[in-house]
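[1] the following block contains a protein sequence and its predicted model.
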Amino acid sequence: LHPFMPFVTEHIWQHLPHEGDSIVVAKWPEALKFDDLEGAARQMEVMMDAIKGIRNMRAEMNVPLGKKAEVIVAPTDEALAQTVADHSDYFVTLAWAEKVTILGADDPKPENATVTVVNGMEVYLLLKDLIDGEKERERIAKEKIQMEKEISRLEGKLSNQGFLAKAPEAVVAKEKEKLEEYKQKQQALLEREAFLETL
């Protein structure tokens, strides 16, 4: 960009690690050499999936943004362990990790933690002091009441022979899908409630 916007590039360059007084007289940068592009892509995929998993766990448990949590990773082999060790700073910057611990093969798995499995490794998120248990229980209780109402309404509708006889098949199928979805949400709420009891 330097020939097109020299004042901007000079300013940026001065704030980066550099040799010499000005970008005007700096040596042209040399391209980095990558011998193992497939390996690098695999490592990046592992890290991206792990970070996505942590973010999903945080969202599911309603962890407030900005609150950092301890992340514990249990890789299944040495290569995965090395990948996590080499790039653990990504967990800190992209998944709001306070600390990253890598478990060995014989180390005990953490208790009172939510877990996800990605790319053959278990990623744990310690939530002990991150969520307000009482508020989360109240929120879950309200959601459970709502889910029960919806399930009851749909079960009543689907057991009504008049509705089943008159409604098109597509409408009946859609209502059955909704019922299944609400039941899955209800199960997820029960699991979350049970997990909160362990904190």
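    Right, received. Where do you want to start? Model, not experiment: these values are computed from the prediction. Numbering: from 1, shown residues only.

[2] where do the strands sit along the chain?
    For the chain, the strands defined by DSSP state E occupy 69-74, 97-102, 113-118, 121-126.

[3] nearest to Glu45, out of the ones you listed?
    Closest to Glu45 of the strands of the chain is strand 113-118 (C-beta to C-beta; 9.8 Å). Where you see a C-beta, it was placed from the backbone N, CA and C, and this is true even at glycine.

[4] what pairs with that closest one, and is each one parallel or antiparallel?
    Strands that pair with strand 113-118, judged by DSSP bridges, come out as strand 121-126 (antiparallel).

[5] any residues touching the strand it pairs with, and which ones?
    With contact meaning C-beta atoms under 8 Å, 6 or more residues apart in numbering, strand 121-126 is reached by 46, 50, 53-54, 57-58, 61, 69-76, 80, 84, 109-110, 112-117.

[6] and the angle for that strand with strand 69-74?
    Strand 121-126 runs at 150 degrees relative to strand 69-74, counting by axes from the mean of the first three to the mean of the last three C-alpha atoms, to 10 degrees.

[7] strand 97-102 and strand 121-126, what's the angle between them?
    If you take the same axes, to 10 degrees, strand 121-126 sits at 140 degrees to strand 97-102.

[8] on that earlier part again, for the strands of the chain, which has the smallest mean pLDDT value?
    Here the lowest mean pLDDT among these goes to strand 113-118, at a mean of 80.

[9] need the contact partners of that strand.
    Here strand 113-118 makes contact (C-beta under 8 Å, 6+ apart) with 46, 49-50, 52-54, 56-57, 60-61, 72, 122-127, 195.

[10] filter the contacts of strand 121-126 to the buried ones?
    With burial judged by 16 or more other C-beta atoms under 10 Å, the buried subset of the contacts of strand 121-126 is 46, 50, 53-54, 57-58, 61, 69-75, 80, 84, 110, 113-114, 116.

[11] residues in contact with Gln187?
    By C-beta under 8 Å, 6+ apart, Gln187 has no neighbours at all.

[12] against Leu65, how distant is the residue most central in space within the chain?
    Nearest to the centroid of the C-alpha atoms of the chain, with distances taken as C-alpha atoms, centre = their mean, sits Arg55, at 2.4 Å. From Arg55 across to Leu65, the span is 11 Å (C-beta to C-beta, to the nearest Å).
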